[in-house]
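In: Next come a sequence and a model predicted from it.
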Amino acid sequence: MVRRERVTANVQAEAQEGLNRSDERINYLNQLQESIQEQPDITALAATEARISSEHLYLTNEGNNIARLNLIQQSAARVDQQRAEQAGRREADDWHTRAAAAAFEGDQPWQ
């Protein structure tokens, strides 16, 4: 349980950082788009449009990173669930083994 809490906290913190970075980039992207009309010549306009394109790419990559973090969290949850199921099976197997041994010896395993 502690492992899952730690994984969840780490993934959530990293996802939040990604969202914060994305917000900053979106604000910067808006500023760039607003500055298009203010560009003095075609060279400056082309440079601004190139920067806008790179910001779009960055935002796409950040979105992919957040999706990856979501998959990591889902995988960790499945692993924890499998571990819990395995522990339950081991406990049941151990009880069955004790019960069988106790029955053979005439004891009661639940005591």
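Out: All right, it came through fine. Numbering: from 1, shown residues only.
In: Now find how far off-centre the longest helix that the chain contains is within its chain.
Out: Using DSSP state H to define each element, the chain has its longest helix at helix 42-105. Chain-centre distance of helix 42-105: 6 Å, with C-alpha atoms, centre = their mean, to the nearest Å.
In: Who are the contact partners of the residue nearest the centre of the chain?
Out: Here the mean C-alpha position of the chain is nearest to the C-alpha of Leu69 (C-alpha atoms, centre = their mean), at a distance of 2.5 Å. Contact analysis of Leu69 by C-beta atoms under 8 Å, 6 or more residues apart in numbering lists 11, 14-15, 18. C-beta coordinates here come from the backbone N, C-alpha and C atoms, glycine included.
In: returning to that earlier point: show the average pLDDT along the longest helix of the chain.
Out: Average pLDDT, helix 42-105: 89.
In: cool, and stretch 25-34?
Out: 93.
In: Need the contact partners of that stretch.
Out: Here stretch 25-34 makes contact (C-beta under 8 Å, 6+ apart) with 48, 51-52, 55-56, 58-59, 62.
In: ok, of those, which come out buried?
Out: Buried subset of the contacts of stretch 25-34 (neighbour count, 16 or more other C-beta atoms under 10 Å): 48, 52, 55, 62.
In: now those residues in CSV, with distance to Ile26?
Out: Listed next are the buried ones among the contacts of stretch 25-34 as CSV, based on distance: C-beta to C-beta, whole Å:
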residue, distance to Ile26
Thr48, 16
Ile52, 12
Glu55, 8
Glu62, 10
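In: which two in these are spaced the farthest apart?
Out: Thr48 and Glu62 (20.9 Å; C-beta to C-beta).
In: Which of the residues in the helix or strand where Gln16 lies are classified as buried?
Out: Using DSSP states H and E, Gln16 sits within helix 2-34. Neighbour counts using 16+ other C-beta under 10 Å place 4, 7, 11, 15, 18, 22, 29 of helix 2-34 among the buried residues.
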